[in-house]
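> Sharing a model that was predicted from the sequence below.
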Amino acid sequence: MSRDAIVLLGVNHKTTPLAVREKLALASGYEDPLRALGRLEELREYYLLSTCNRVEVLFTCSDVATAVRRVQDTLFGSMITAEEVRRHVYRYVNLEAVEHLFTVAASLDSMIVGEAQILGQLKEAYRHATKAESTGFILNKLLHKSFSVAKRVRTETRIGASAVSISYAAVELARKIFGDLHGKKVLLVGAGEMAELAAEHLVGQGVAEVVVANRTLQRAINLARCYNGQAVSLEELIDQLQRVDIIISSTGSPDLILRREDVRPVMRERRNRPLFFIDIAVPRDLDPGINELDNVYLYDIDDLNNVVEMNKSERDKEALKAQRIIAEEKLKFSKWLANMESTPTIIQLRALIDQQVRGEVEKTLGRMEDMDQQSRQRLEKMVAAITGKLAYPPLHFLKTENHCIPLPDRIKTVRELYLMDNGHHPQDQGPQE
């Protein structure tokens, strides 16, 4: 009578390089992969999440090993090699899966710890799962709980308040110069991890447009697609300076890619509208002399590091609070799961005892139809009282926390004592002489 297992499989920015994640991203949306998962008879309930930084599938099943193999083949098998699946796809089962989902929802597992975007992505994925009718009693409860965990973390901690990454510090400086970033246009030069991080933050701050310039145009296209942006080649860099407001550069170039003399004529074309450069490349991409031009602001990685160091200790304290909240909520959910596991036995036991008591009463009193209404009510009350007293000891044994005897063993004991699984019941044995 054990319940189905909860399993979570996935890849993210921590376990899997961008080149592999790109292959697994659900370019066609949720509908087709959810339909494919629906054809797997090993799954009872299932839910799929896809963002630029992760693809995760959450499901319930009775045979974990078989279900994991089928899901991996269905979602990942045609995209990456078996060796890449083995190396990059992580697996969590039961409470580990619950904890991971809560950690993701609370944005502790995000590329940017504390960002708010992931919760919206989880809810959007849930809308698709609901439409496909792929979630049921367990996953509905678990996913709604993950949303409330995220809300608790956001309400009770300041996890999203401090810049603790270079790219977020860059965005904070941009806000100091421009104030509100809504309506601003951003050019990312380079399509590596730093550019990804910067794009995450900027989209979260409401920028109007993201343009990605990269030596390899396909990489630029892949990153731009995540943020509904535009991709351009590096040869178009100077032309793009006329139409954007913020430039974040993070290429691996050994030489400067922009010099003071490249930017000076651009400022004339812009009629001196402010231009904000952030150079997070090592070695530097941008000529320090750019900072000498009027209405041009240039910050390098050392400037950003100063902002980050001041904020790191504060974020670490908030992360500890968030982890405590997740631990509390995981414990609550584990108790809910345990109660759910014992519920079928509790219902069956109550029905069994009630049946036994009523059977004996009927044998003794014969035809009960002749009884008047008042006598019948008294008899019903007596039957209920006897049933309750007989059911109390085994129910107490099942429901009370007992650290010496695990719940599955307690369920097994009760089911064996009351012969609940072998087709006959204690009253079938008759009285023992």
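Looks like it arrived, so ask away.

> For D63, list the residues it contacts.
Neighbour list for D63: E42 [criterion: Cβ atoms under 8 Å, 6 or more residues apart in numbering]. Backbone N, C-alpha and C define where each C-beta goes, glycine included.

> please redo it, this time with the cut-off set to 10 Å
D63 is in contact with D4, A5, E42, R69, R70, counting by Cβ atoms under 10 Å, 6 or more residues apart in numbering.

> and if you look at Q117?
By Cβ under 10 Å, 6+ apart, the neighbours of Q117 are T51, C52, S107, S110, E200, H201, V203, G204.

> Including distance to F277, pLDDT and neighbour count, could those residues go into a markdown table?
Converted to a markdown table, the contacts of Q117 look like this (distance: Cβ to Cβ, whole Å; pLDDT from 0 to 100; neighbours: other Cβ atoms under 10 Å):
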| residue | distance to F277 | pLDDT | neighbour count |
| --- | --- | --- | --- |
| T51 | 29 | 84 | 23 |
| C52 | 25 | 74 | 22 |
| S107 | 29 | 89 | 22 |
| S110 | 26 | 82 | 21 |
| E200 | 20 | 78 | 25 |
| H201 | 16 | 78 | 24 |
| V203 | 20 | 80 | 18 |
| G204 | 21 | 80 | 16 |
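
> which one of those residues sits closest to V361?
Of all these, S107 has the smallest distance to V361: 60.0 Å, by Cβ to Cβ.

> between the contacts of Q117, which is nearest I301?
Out of the contacts of Q117, the member with the shortest distance to I301 (by Cβ to Cβ) is H201, at 15.8 Å.

> Checking my notes, that closest one in a helix, right?
Yes. Counting by DSSP: H, G, I helix; E, B strand; the rest coil, H201 falls inside a helix.

> Verify the contact between it and M194 for me.
No. With contact defined as Cβ atoms under 10 Å, H201 does not reach M194; the gap is 11.1 Å.

> Just to confirm, which residue in the protein is farthest away from the center?
D370 (62.7 Å; Cα atoms, centre = their mean).

> can you pull the pLDDT of that one?
pLDDT recorded at D370 is 71.

> hey, where'd the strands end up in the stretch 251-400 of the chain?
Per DSSP state E, counting those that start in this stretch, the stretch 251-400 of the chain carries strands over the ranges 275-279, 296-300.

> Let me have those strands in JSON lines, adding mean neighbour count as columns.
Formatted as JSON lines, these follow (neighbours: other Cβ atoms under 10 Å):
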{"stretch": "strand 275-279", "mean neighbour count": "25"}
{"stretch": "strand 296-300", "mean neighbour count": "20"}
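
> any chance of those in a markdown table, plus mean pLDDT?
Output for the strands of the stretch 251-400 of the chain, formatted as a markdown table (pLDDT from 0 to 100):
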| stretch | mean pLDDT |
| --- | --- |
| strand 275-279 | 91 |
| strand 296-300 | 90 |
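
> Output the ones you listed in a markdown table, with distance to D255 appended to each entry.
Formatted as a markdown table, the strands of the stretch 251-400 of the chain follow (distance: least, Cβ to Cβ, whole Å):
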| stretch | distance to D255 |
| --- | --- |
| strand 275-279 | 13 |
| strand 296-300 | 16 |
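
> For the stretch 51-200 of the chain, give me the ranges with low pLDDT.
Scanning the stretch 51-200 of the chain for pLDDT under 70 picks out the ranges 112, 161-167.

> returning to what we had before: mind checking which of the contacts of D63 are buried?
D4, A5, E42, R70 (16 or more other Cβ atoms under 10 Å).

> quick one on the thing from earlier: the residue farthest from the centre of the chain and L379: what is the separation?
Counting by Cβ to Cβ, to the nearest Å, the gap from D370 to L379 is 12 Å.
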